[in-house]
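1. Return atomic coordinates for the entry below.
(one chain, ligands or ions: 1)
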Amino acid sequence: MKKECKLYKQEKDKVRCLACAHKCLINKGETGICGVRKNIENELILLVYGKVVSMAVDPIEKKPLYKFLPGTDIFSIGTVGCNFRCDFCQNYDISQASKAGFILGEEIKPEEIVKKAISSGCNSIAYTYNEPAIFIEFVYDIAKLAKEKGLRNVLVTNGYMSEEAFEYVKEYIDAVNIDLKGNDLFYQKLCGAKLNPVLDTIRRFSKAGKHVEVTTLLIPEENDDDKEIEDIAKFIASVDKNIVWHISRFFPRYKMLDKDITGKKSLKKAYEIGRKYLNHVYLGNV
Ligand code: SF4
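-> From the prediction side, this is the model:
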């Protein structure tokens with residue numbers, strides 16, 4: 001069920017992917033950083049279209065979304081691949097699989113996903129577990145159908161989607177949870193990315209009137225100093241002080257096994273800083 005991507009353009013004998021802020025320039029026969037968008041004879045092909053590797057019914061609070069359809073279940077799907085390479089990834093087995101050439105998953109069409117969501121009693125669908133911007137054409141096809149059936153659509157994203165991807169799907173997206181992981185150095189050192197595109201995405205969704213919540217995983221000695229926490233809280237408040245901020249506890253994972261679990265003292269301090277600027281702050285994984 002591979003499909004030609006919508007978000008790309010041809011540049012000489014290569015293609016430029018427009019789905020996320022990396023804007024990879026891809027040679028024939030190669031994929032971009034995410035490993036799921038491949039240049040085949042100068043057409044960009046989405047290798048994970050219709051290939052779902054995780055599918056589950058979750059409480060919406062697990063996304064986490066606390067102030068959007070509270071108390072309901074959400075039908076959640078994800079594919080392999082990611083445009084980040086975070087050393088602390090909690091889902092690295094699926095997010096990094098495509099970079100090793102593994103395009104895994106069950107073949108399933110958008111209409112079947114919508115049917116399953118409805119028969120499971122869910123009134124919303126989440127594009128989650130891995131980064132939805134990298135399979136944005138699949139998101140679009142499902143979200144459009146879902147909307148026609150009266151379902152809502154939620155993106156759980158690292159925020160690195162391009163403006164083009166935002167414009168492409170915004171009509172069908174009702175809510176987002178966006179990670180805001182740290183400062184620019186943090187993004188460069190630990191994720192292979194930059195901060196500014198993430199800030200732009202938060203601003204864009206908020207300005208478009210979508211329901212926005214933000215999550216920060218608090219990692220000891222990486223992003224837990226007062227100034228950094230304060231900068232994040234101030235930024236969110238500058239967009240809208242009613243945005244819900246989830247501060248999440250870190251547990252050692254993937255390449256970051258030598259770190260301690262975030263201490264409760266540190267979480268409490270971050271909560272107090274957050275509350276100076278924001279109306280809704282919650283601690284997660286505690
Ligand atoms: S989605 Fe991002 S990482 Fe993947 S090919 Fe496109 S620009 Fe590159």
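2. Check the protein for the residue nearest the ligand and tell me.
-> In the chain, the residue that lies nearest the ligand is G32 (2.1 Å; Cβ to the nearest ligand atom). The C-beta positions use only the backbone N, C-alpha and C, and glycine is treated the same way.
3. For that residue, which non-adjacent residue is closest in space?
-> For G32, ignoring the flanking residues on the chain, the nearest one in space by Cβ to Cβ, 6 or more residues apart in numbering is C24 at 3.4 Å.
4. how many other residues sit next to the one you found?
-> Applying other Cβ atoms under 10 Å, we find 22 residues neighbouring C24.
5. Mind pulling up the pLDDT for it?
-> Looking at C24, its pLDDT reads 98.
6. And S95, by the same measure?
-> With respect to pLDDT, S95 has a value of 89.
7. what do you get for the one 10 residues further on?
-> Per-residue pLDDT puts G105 at 92.
8. List the contacts of it.
-> V48, K51, V52, V53, T79, V80 (Cβ atoms under 8 Å, 6 or more residues apart in numbering).
9. how close does the residue nearest to it when sequence neighbours are not counted get to V80?
-> Spatially, and ignoring its direct neighbours in sequence, G105 is nearest to K51 (3.5 Å; Cβ to Cβ, 6+ apart). From K51 over to V80 the distance is 8 Å, taken as Cβ to Cβ, to the nearest Å.
10. shared neighbours, the two?
-> Joint contacts of K51 and V80 (Cβ under 8 Å, 6+ apart) are I103, L104, G105.
11. would you list every one of the helices in the stretch 51-200 of the chain?
-> Using DSSP state H, counting those that start in this stretch, the helices of the stretch 51-200 of the chain run over 92-95, 110-119, 136-148, 163-169, 184-186, 196-207.
12. who wins for proximity to D225 among the ones you listed?
-> Among these, helix 184-186 comes nearest to D225, with 11.1 Å by Cβ to Cβ.
13. Look up which residues are beta-bridged to I247.
-> Taking DSSP bridges as the rule, I247 bridges to T216, L283.
14. V176 contacts N158, doesn't it?
-> No. Using Cβ atoms under 8 Å, V176 makes no contact with N158, being 11.0 Å away.
15. on that earlier part again, tell me the contacts of the residue nearest to G105?
-> M1, T79, V80, I103, L104, G105, E106, E107, I108.
16. Please apply the same query to N123.
-> L69, T72, G150, L151, R152.
17. ok, now how distant is the residue nearest to the third one when sequence neighbours are not counted from C5?
-> With Cβ to Cβ, 6+ apart as the measure, N123 is the residue that lies nearest to G150, at 7.4 Å, once sequence neighbours are left out. Taking Cβ to Cβ as the criterion, N123 is separated from C5 by 29 Å.
18. now swap in D225 and tell me
-> Noted for D225: a distance of 40 Å to C5, by Cβ to Cβ.
19. What of E131?
-> Between E131 and C5 the distance, using Cβ to Cβ, works out to 15 Å.
20. More neighbours: the two, which one.
-> Ranked by neighbour count (other Cβ under 10 Å), E131 and C5 place E131 first, with 29 against 22.
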